[in-house]
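Engineer: Attaching a predicted model along with its sequence, questions to come.
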Number of protein chains: 2
Amino acid sequence: MKQVLLIITLVLILSFNIFEIDVNKEKIAPGIYKLSIGVIDKYTPFSLSSVPPKLDAISKMGEEIRSIDIDRIIITKNKRGCSVAVPLKKDEQIYGFGLQMGSFGQRGLKKKPIVNDHPLNNLGYSHAPQPFYVSTEGYGILINTSRYTTFLCGTENRLKGSVSKLGEEGNAKIEASTEELYKSKESNNYVFIDIPNSEGIEVFVIEGTDVKNVVERYNLLAGGGCLPPIWGLGLKYRTKANFNESQVLEIADYFRTKQIPCDVIGLEPGWQTATYSCSYVWNKDRFPDPKRICNLLNDKGFKLNLWEHAYVHPTSPIHNSLVDYSGNFLVWNGLVPDFILPETRKIFGDYHLKLIADGVSSFKLDECDNSNITRGSENWGFPDMSVFPSGIDGEQMHQLFGSLYLRTMNDIFKNINRRTYMDYRSSNLFMSSFPATLYSDTYDQKEYIQMICNASFGGLLWSPELRESDSPEELFHRLQTVLLSPQSVINSWYLQSPPWLQYDKEKNNQGLFLSNSEEMEQNVRKLMNMRMSLIPYLYSAFANYYSKGTPPFRPLIMDYGKDLRVRDIDDQYMIGNCIMAAPLYGNGNKRKVYFPEGIWYDFNTNKMYKGGQDYEIETSLHELPIYVKSGSIIPIAKPVQSLSENTVFDITCNVYGSNAQDFTLFEDDGITYNFEKGDFNQIVLSIVNQKGIVNRTGTFKTKRYIIEKWNFIQ
Amino acid sequence: MKQVLLIITLVLILSFNIFEIDVNKEKIAPGIYKLSIGVIDKYTPFSLSSVPPKLDAISKMGEEIRSIDIDRIIITKNKRGCSVAVPLKKDEQIYGFGLQMGSFGQRGLKKKPIVNDHPLNNLGYSHAPQPFYVSTEGYGILINTSRYTTFLCGTENRLKGSVSKLGEEGNAKIEASTEELYKSKESNNYVFIDIPNSEGIEVFVIEGTDVKNVVERYNLLAGGGCLPPIWGLGLKYRTKANFNESQVLEIADYFRTKQIPCDVIGLEPGWQTATYSCSYVWNKDRFPDPKRICNLLNDKGFKLNLWEHAYVHPTSPIHNSLVDYSGNFLVWNGLVPDFILPETRKIFGDYHLKLIADGVSSFKLDECDNSNITRGSENWGFPDMSVFPSGIDGEQMHQLFGSLYLRTMNDIFKNINRRTYMDYRSSNLFMSSFPATLYSDTYDQKEYIQMICNASFGGLLWSPELRESDSPEELFHRLQTVLLSPQSVINSWYLQSPPWLQYDKEKNNQGLFLSNSEEMEQNVRKLMNMRMSLIPYLYSAFANYYSKGTPPFRPLIMDYGKDLRVRDIDDQYMIGNCIMAAPLYGNGNKRKVYFPEGIWYDFNTNKMYKGGQDYEIETSLHELPIYVKSGSIIPIAKPVQSLSENTVFDITCNVYGSNAQDFTLFEDDGITYNFEKGDFNQIVLSIVNQKGIVNRTGTFKTKRYIIEKWNFIQ
């Protein structure tokens, strides 16, 4: 009987293979189409996305733009898997593929957005791989899969007329109309996408007027951008891995005594009884009373962040309950929880809720990426051949693991109506709405700037961090970038003291401070205060991310896409709508800055620059290299030492140039999700007859912005 | 109707998935078992192997050794593909995976034997990847697939009891008997093998008494080792890519004038009208009369070798005929022939037969590996998503391409009863019987030695080559290794003159010779003559390769497997049964040499070394660092300038130590396949009563060895 069924099945499979399969086309939102073929996986990035799309906001984006002819997208399927071919125009450039490091424009490259803890030769390996790119022609192509996918971005020549001939299925017949035998190298005019091991595939085509518009639509499809708690925008300081309670408190006191603003203290592995893998149990030798350390820090105005990863140590209280909900391979001898299952999320979440109840405000979710897949000797990750109780395999789980882990952890906070801002080391598609930033052990300053740009194409936030440096100059360059990013982190997990007291790792740990450490501290204080003065502006940018999907940090290509010069600029970026950052890197305190159209003002000196050209600009180490677009109103807050639901910002509005556009501040409690139910105010700042006007609307009761001073800069 | 069939099919597929699938076990030769599960690909490395196994020779290997319990090998299958788990004993080491560079013992590594033109961090990428490893326990595991396969060689911990529970199919139930929840790091006692995208898999288990015995059995399964034409064992010199007829002849004359032995002249791309891709048409500007250059070279005792690759340029005479027999993507704008199809092989072969008729003796088959798959910007290879008329895809074709190409080219020669010795840049499984050596653009001297060792585990031959150098010392080190390898190549494809006249590339091409170039020439002559004196010995080693499958070049682990010290030795190797090579590398003329059990003699000085220990040994630049085992008879020939069917070797037999074992010389015409029909002699050299005895048996009419002198070394 077995054999008979087998034979029938095989016969049917074979006959099935020569059927012509139609490509299904479905409009899932204005300007967003889903093309599909074959049998779709039960668990895809989109099906696993737990946040509903912001369809209203998408509808408000206006009329549809037919920026790509979807009938020219070829989707085929054969025994090996599915393939997609998307036409490329001659001067088209594409961006994306997640948190890429090393390349910005991706045309001409073979990209494999696969999760990995280190990048490799612009191949696409990344902490946060996304099978998604955005084109300068104003559309995005998203492959809704967790299979390892390869994008050949205009690198290949295909034998024309050969597609249908060779027994592929799908809509390839469209392409088989001409009989030209070969094409020249110049006409590599397709992105070919290879999705092996797939029985079917969904391709999302996201249209838009330009790159930014496409990205906004994608972010809204993912539920909109995140709005971090207000304290998430302040400074985070991660203490040395083996610090105990008194050492942690000493560092906390250092910040307050020296009046260097700081909001979050992070503990590294030493807080637990066992790592790696993780017990998630407080180590009482170092922290005798977990509630006490939480309370002491909270009293000083700090939130507490705890490091962990998701591999569950045999001694963990949740280990035994999770055995049936984990994969069949271990990592560091720990279980790999299958977060697709609600049971897993509940066990993991319920336990962590207790830590939160003790006073923990956020977590750092480490190693949810994969060990370096490019080294024969690195193997801490579970193998691709793993199987999980939900039915997915290790390959799929690798791509999804960071997203699922973050979702599990964020849901705990969301369920108790608290916002958090987490660190995580891996992401995937449709994660814009989750308040968390990505980080990496890589440490190239130029790449760190580029990653701020690249992350934004896929609704991701990148958090560069400052550890050690080779020189004071490098330290301040790094700190400038850190302060001009979605999350500002000093990661001293292997440093005894803050790196500005001694930037050299060895000397730092020997307690040998710099002779000018007080001057260093003073500069650091100035820089941190500048970040704090921009908190209302940043918070407003994040509010736009939430409601409109506009990335708060984004490369110039998004705002100035018609200017061909900005296509390759990956070391400058917009913060919100009015400020351009051009962080320094390399040697010296000067760098070339390109200004797009219009007039720009140096934020530090108010010096004016005319757009459309490059300038060589010097920025001192205690200034932030940012520039304001003429016609902007920038709310500048008097710096505070830390941020909370009680913070009231004393605002001065800087008005740059003439014809200033309105600026809208976002006012809410800063820590709950009440804003989602409408409990917020919008404060429109505008200039009428050369005079500043404040117009507050909304239902939120507390005034968090005092706006009395206006400062006109011409 | 389509939908109904689809639904029926899917229902059956789903029900099928929960069936228990039996693992089929089949004995395919003494000591060789095939385990299989599921639906096997039509084209596998074994099914494509065109050479019948030497079953008689396998049978003569004696009784079966149950070195592994095949019931403990777990094969499972799920939607993603097939998996295999093979138990590892505590002190077991494994070797193989094809032409590996960078690692020797593979335990503890994740290995992906995937075709690539550069290796990467011991990950397994290689010109000649083989999903095949050999264990010190005396068995080999071969996965008969052209899918990209990953071997986790004792790197993983698995959650016990989880295999059957998670819905895998196959014989996993055997493993699910205990309920231990996790295992410690020390007990990583499986090789886990991941074969995604496979609907079934064949696992060959090759038993043996030790590593060598397993490799021999594998080689015999592949049809036995190759026996190159006698001239293939002489020197090959590749001339500069843009040389014309007179420049090539000038080089040929140089060798004869200087009395430096040389057998083969190789032409690089310049001989063709179009590269890359290839026209396969003589460029008449450089070579006005192809027959003339062939004849002129042949008259001087040279064979001619031509460079090409398999991507067919639009202007090639065979292009149009091959359009229907090629893949749907182009490489360098050229067709990628589907060599699986007999039509393709015939078109390609018939054309090349004309080149052979003009006097060409062999070819260098370049770029049949893949472009570097680890760089986003390298994309000359066809994509994995390609489809070919035979029905295989690009992934499978990549793994097989070099093998299929070599087979196509070798068959042309075989059909006219001529032996050839080719260079090729990619290989796979079951290629032992094909007379060709692998080469690479990599150029690490230590790795080149290691590759001689590693290649032998899978019936491959590695040809290190000499190009430029940084010092005279490095040049001679490289040359020593070149002369102690399966093929001796000086690759001057970008050098105007032989590298010993000027080892620096720039100066060489400017014609600036070394001041001591005559001394250099003299040393080179000495070394080349030493190689020539060993030709009968080498030819005999290859005859054993042919008849018994014994690799002519092999690491010490094959001959001295019981000595744990040799497990890690990858910079020394056996040549035949009596000579051990320990090529120099790095700085200085000394190196550490380990001698296995017994007494050993320095080939140059006759100095004796006692086995079981290391010695620091100096070798001068004009000597070969080789050592002879006591009890050996080594036939030493008087060097000749080139080798042909007319060469008669004037032999002195060196007898080392006491109790000399017999040595068998192989005597045939050296250029045809007549030996396969029995037209050869075996000449047994033996010592009886301290006197050398020559015993010639066989039907071959011509005496090619004159053996009169015996030289006893005590």
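Structural biologist: Okay, I see it. Values in this document were obtained by computation on a predicted structure and should not be read as measured data.
Engineer: Please count neighbours and contacts with C-alpha atoms only from this point.
Structural biologist: OK.
Engineer: Contacts for the longest helix seen in chain A, please.
Structural biologist: As assigned by DSSP state H, the longest helix anywhere in chain A is helix A:394-415. Residues external to helix A:394-415 that are found in contact with it (C-alpha atoms under 8 Å, 6 or more residues apart in numbering or on different chains): A:45, A:114-115, A:129, A:146-148, A:310, A:339-340, A:345, A:348-350, A:352-353, A:365, A:368-370, A:382-388, A:419-420, A:424-428, A:431, A:434-435, A:673.
Engineer: Drop anything exposed from these.
Structural biologist: For the contacts of helix A:394-415, a neighbour count by 16 or more other C-alpha atoms under 10 Å in any protein chain shown gives the buried set as A:45, A:114-115, A:129, A:146-148, A:310, A:339-340, A:345, A:348-349, A:352-353, A:365, A:368-370, A:382-388, A:419-420, A:424-428, A:431, A:434-435, A:673.
Engineer: circling back: go ahead and produce CSV holding the CA coordinates of the longest helix of chain A.
Structural biologist: Presented in CSV, the C-alpha positions along helix A:394-415 are these (Å, rounded to 0.1, in the frame of the first residue of the first chain):
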residue,chain,number,x,y,z
GLY,A,394,17.1,25.8,11.1
GLU,A,395,17.6,27.8,7.9
GLN,A,396,14.3,29.5,8.4
MET,A,397,14.7,29.9,12.1
HIS,A,398,18.1,31.6,11.6
GLN,A,399,16.6,34.3,9.4
LEU,A,400,13.7,34.8,11.8
PHE,A,401,15.2,34.2,15.2
GLY,A,402,16.1,37.7,16.2
SER,A,403,12.7,39.0,15.1
LEU,A,404,10.8,36.4,17.0
TYR,A,405,13.0,36.8,20.1
LEU,A,406,12.5,40.6,20.0
ARG,A,407,8.8,40.2,19.5
THR,A,408,8.5,37.8,22.5
MET,A,409,10.4,40.2,24.7
ASN,A,410,8.6,43.3,23.5
ASP,A,411,5.2,41.8,23.9
ILE,A,412,5.9,41.4,27.7
PHE,A,413,6.3,45.1,28.0
LYS,A,414,3.4,45.9,25.6
ASN,A,415,1.1,43.7,27.6
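Engineer: circling back to that earlier point, so which of the buried ones among the contacts of helix A:394-415 are also by chain B?
Structural biologist: A:Phe382, A:Pro383, A:Asp384, A:Met385, A:Val387, A:Phe388 (C-alpha under 8 Å from any C-alpha of the partner chain).
Engineer: Minimum distance to chain B, which residue of the stretch 1-150 of chain A gives it?
Structural biologist: At 4.1 Å from chain B, A:Leu123 is the closest residue in the stretch 1-150 of chain A, using C-alpha to the nearest C-alpha.
Engineer: how about that residue, secondary structure?
Structural biologist: coil (DSSP: H, G, I helix; E, B strand; the rest coil).
Engineer: Distance of it relative to B:Thr374?
Structural biologist: Applying C-alpha to C-alpha, to the nearest Å, the value for A:Leu123 to B:Thr374 is 6 Å.
Engineer: Show me where the stretch 151-300 of chain A dips below the pLDDT cut-off.
Structural biologist: A:160-188 (pLDDT under 70).
Engineer: next one: chain A
Structural biologist: In chain A, residues with pLDDT under 70: A:1-21, A:63, A:160-188.
Engineer: Let me see the domain layout of it.
Structural biologist: Listed by automatic domain parsing, the domain ranges of chain A are A:270-420, A:578-714.
Engineer: Return the most buried member of those domains.
Structural biologist: Comparing these by mean neighbour count (mean count of other C-alpha atoms under 10 Å in any protein chain shown), domain A:270-420 comes out on top with a mean of 21.
Engineer: What distance separates the opening and closing residues of it?
Structural biologist: Termini of domain A:270-420 sit 22 Å apart (C-alpha to C-alpha).
Engineer: and that domain, how far out from the chain's middle?
Structural biologist: 20 Å (C-alpha atoms, centre = their mean, to the nearest Å).
Engineer: For A:Ile579, see how far away A:Pro555 is.
Structural biologist: For A:Pro555, the distance to A:Ile579 - C-alpha to C-alpha - is 12 Å.
Engineer: on that earlier part again, export the ones next to chain B among the buried ones among the contacts of helix A:394-415 as JSON lines, with columns for distance to A:Asn283.
Structural biologist: Output for these, formatted as JSON lines (distance: C-alpha to C-alpha, whole Å):
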{"residue": "A:Phe382", "distance to A:Asn283": "27"}
{"residue": "A:Pro383", "distance to A:Asn283": "31"}
{"residue": "A:Asp384", "distance to A:Asn283": "33"}
{"residue": "A:Met385", "distance to A:Asn283": "35"}
{"residue": "A:Val387", "distance to A:Asn283": "33"}
{"residue": "A:Phe388", "distance to A:Asn283": "31"}
